[in-house]
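> can't give you the sequence, but here's the structure:
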Ligand SMILES: NC(=O)c1ccc[n+]([C@@H]2O[C@H](COP(=O)([O-])OP(=O)(O)OC[C@H]3O[C@@H](n4cnc5c(N)ncnc54)[C@H](O)[C@@H]3O)[C@@H](O)[C@H]2O)c1
């Protein structure tokens, strides 16, 4: 057995598959793990760990969600998630409950409750407080607690630790505590959980190595230990800060290219060809905007947690503002093109295909499509919405219009077809057969149609406009 506190020896041992002994278990099958919060992230983690052979117990305060999961139903649309959950519950490797007493059997406890932000960017910590307080009454000596939820730096040490200690046990003495960011993306979550390197930062060295050993045993992935809880907390924020800001750059580059009649995709492809740092320049793609629960809130977490310590962070705010303005900018492109075609936007019909914020998902959380639809409706246009992956009731709630039941119904006599998510279902659309109005505009908000496709659309009599194209 290696010394627990020698970083080089620990990493070497992990790579050589030698047990560190920190968890007192070297066989994943003998580890019981509790996952607190069975929302989208918690369900993906619980399913993946159970599929790897671990004994998993999931705890959520939402009895309806727990009932669904124990009944074999998964409300989250994620590739392979429903099947993996079903496999795990049927094999008895995953149990779900609302009762925190179940945590007592676990060697490792993962916390994945929601951490939204208030309008001022501060953490809405009710779920996290509730989970930690409930846990504090059920902790056992020797357990490893790992926070997965995204939080401002300092939260694990200053909020989570004291709440957990309210039950009388002391962090670093009676239990270990670490932070491990969750960096998966919707649509590819399970594959990413099985392959992405895992970042760990602990309350002390023993906590860091216990968490490193756990993730290595549980998932077999590369572990990147950090010097502190705060370092690991910032890694997650840095990732999303970078992604949001990079997309903002792409969006402004698109607007810039449009000034010179240049296709932004050509510029990005060529610009990305030179090596820089550890890879190439890597400008992402422009679009109708950024959505989902993470990219829209995490930069504000950075901004707010810096500001409360007297530091003004400009880039997080600028990235957010540029991306938040894209739905209206995209709607304005439609209005300008309709006017250029001699059509009055106030009496035009616009069909929106793809409402979710991401291709091949039905997720409407913070979808930029909402701002696009609202801006066109404000200009007086009749807007029809269609997305076969989105629950129609939810779509009506978000967009205020009943979604069309079919593609045909959505595009009938439309002056513009706006493709805002290129789901697989839309890839094979026969544009020549669509019953649209004469001189219909194709607005490409995320489809990134290649030049040959654009030329083909023009031959069919369509106008075409993309973001920066
Ligand atoms: N959604 C993503 O793609 C994603 C990606 C990476 C990281 N994250 C982060 O992961 C965390 C979870 O995100 P999510 O999308 O799964 O959120 P979610 O809202 O889908 O799930 C949160 C779950 O926690 C449960 N919960 C709330 N209070 C509880 C309590 N006291 N005890 C037990 N359960 C409780 C809720 O009932 C809900 O099921 C957040 O911090 C988020 O920022 C999310």
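Perfect, I can see it now. Predicted model only: the values in this text are computed from it and were never measured.

> Can I take it that residue 461 is in a helix?
No. Secondary structure of residue 461 (DSSP: H, G, I helix; E, B strand; the rest coil): coil, not part of a helix.

> who's in contact with it?
By C-beta atoms under 8 Å, 6 or more residues apart in numbering, residue 461 lies in contact with 438-440. In this view, the C-beta of every residue, glycine as well, is placed from N, C-alpha and C.

> Kindly present those as TSV, with separate columns for pLDDT.
Output for the contacts of residue 461, formatted as TSV (pLDDT from 0 to 100):
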residue	pLDDT
438	96
439	95
440	98
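
> among the residues you listed, who's most crowded?
residue 440 (24 neighbours; other C-beta atoms under 10 Å).

> So which bits of the protein are right by the ligand?
Residues of the chain lying near the ligand by C-beta under 6 Å from any ligand atom: 36-42, 59-62, 65, 112-115, 127, 130-131, 134, 149-150, 182, 184, 186, 293-294.

> Of those, keep whichever come out buried.
The neighbour-count test (16 or more other C-beta atoms under 10 Å) applied to those identifies 36-42, 59-61, 65, 112-115, 127, 131, 134, 149-150, 182, 184, 186, 293-294 as buried.

> If we go by neighbour counts, what in the stretch of helix or strand residue 452 belongs to is buried?
Using DSSP states H and E, residue 452 maps to helix 451-459. Neighbour-count burial for helix 451-459, counted by 16+ other C-beta under 10 Å, picks out 454, 457.

> Show me what the mean pLDDT comes to for it.
Computed over helix 451-459, the mean pLDDT rounds to 97.

> Following the chain onward from that helix, which element is next?
With DSSP H and E, the next secondary element past helix 451-459 is strand 463-466.

> Can I get the contacts of residue 461 in CSV including secondary structure?
Output for these, formatted as CSV (three-state DSSP):
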residue, secondary structure
438, coil
439, coil
440, coil
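
> which among the residues you listed gets closest to the ligand?
Nearest to the ligand, judged by C-beta to the nearest ligand atom, of the contacts of residue 461 is residue 440 at 35.0 Å.

> wouldn't the closest one be in contact with residue 412 here?
No. With contact defined as C-beta atoms under 8 Å, residue 440 does not reach residue 412; the gap is 11.2 Å.

> who's in contact with residue 436?
351, 411-415, 417.

> Find the closest residue to the ligand in the chain.
Counting by C-beta to the nearest ligand atom, the chain gets nearest to the ligand through residue 39 (1.7 Å).

> Disregarding residues adjacent in the polypeptide, which is nearest to that residue?
residue 114 (6.1 Å; C-beta to C-beta, 6 or more residues apart in numbering).

> so the one you found touches residue 36, yeah?
No. Contact criterion C-beta under 8 Å: residue 114 and residue 36 do not qualify, at 11.4 Å.

> tell me, what residue is most central in the chain?
Most central in the chain under C-alpha atoms, centre = their mean is residue 185, positioned 4.7 Å from the mean C-alpha point.

> Three-state assignment for that residue, please.
Following three-state DSSP, the label given to residue 185 is coil.

> And the pLDDT for it?
Looking at residue 185, its pLDDT is 90.

> Please enumerate the strands of the stretch 1-150 of the chain.
Secondary structure of the stretch 1-150 of the chain (DSSP state E, counting those that start in this stretch): strands located at 32-36, 55-59, 94-97, 108-111, 144-147.

> List the strands paired with the first one, with their directions.
It refers to strand 32-36. strand 55-59 (parallel), strand 108-111 (parallel) (DSSP bridges).
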